[in-house]
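# With the input below, show me the fold.
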Amino acid sequence: MTDDDYDNDTDYGIEPDQGWVTVYGLCALCRKMIGFHPHHVPSIVVNGAREPICEPCFRRVQEAQRQQGVPVTPDPPPDAYDGMPASEL
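Numbers count the residues shown, from 1 in each chain. As a prediction, the model looks like this:
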């Protein structure tokens, strides 16, 4: 089969500029590998750079904030640990 055998973008119902990107990195706190949306994942500053934190660590941070009586960091967007549309790159 060649590219000419396909009706390019209509056979699969997708547009050529659609796609998803998942960024992978280590959680700054527990060092487990996580996949995340780089614009929405919670992060902390480590040595001057923002580093992602995984959802379990984020929940532990929120609980510690509650116990200390300090403002609790709001929940991240629902897609924080999902891929992001390639169009957002």
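# Show me the strands in the protein, by range?
Counting by DSSP state E, the chain has these strands, from start to end: 20-21, 23-26, 33-36, 43-46, 49-52, 84-85.
# and of those, who's closest to V61?
Relative to V61, the nearest member of those by C-beta to C-beta is strand 43-46, separated by 8.2 Å. For every residue, glycine as well, the C-beta is placed using N, CA and C.
# From the contact counts, what lies against the closest one?
Contacting strand 43-46 under the criterion 3 or more C-beta pairs under 8 Å, 6 or more residues apart in numbering; DSSP states H and E are the following elements: strand 49-52.
# ok so, going back, tabulate the strands of the chain in CSV, adding columns for mean neighbour count and mean pLDDT.
Converted to CSV, the strands of the chain look like this (neighbours: other C-beta atoms under 10 Å; pLDDT from 0 to 100):
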stretch, mean neighbour count, mean pLDDT
strand 20-21, 12, 87
strand 23-26, 13, 96
strand 33-36, 17, 96
strand 43-46, 14, 93
strand 49-52, 15, 96
strand 84-85, 16, 88
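# Any chance of those strands in CSV with distance to R59 as columns?
Shown next, in CSV, are these (distance: least, C-beta to C-beta, whole Å):
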stretch, distance to R59
strand 20-21, 25
strand 23-26, 18
strand 33-36, 13
strand 43-46, 14
strand 49-52, 14
strand 84-85, 22
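# Minimum distance to Q67: which of the ones you listed has it?
Among the strands of the chain, strand 43-46 comes nearest to Q67, with 18.1 Å by C-beta to C-beta.
# Does V41 touch E55 like I think?
No: counting by C-beta atoms under 8 Å, V41 stays clear of E55, with 9.2 Å between them.
# And the two? Which one has more around it.
V41 (26 against 16; other C-beta atoms under 10 Å).
# ok, the more buried one to V23 distance?
V41 sits 8 Å away from V23, going by C-beta to C-beta, to the nearest Å.
# ok, now which ones touch P85?
18-21 (C-beta atoms under 8 Å, 6 or more residues apart in numbering).
# For burial, what's the neighbour tally of G83?
Neighbours of G83 (other C-beta under 10 Å): 14.
# Alright, I will stop here.
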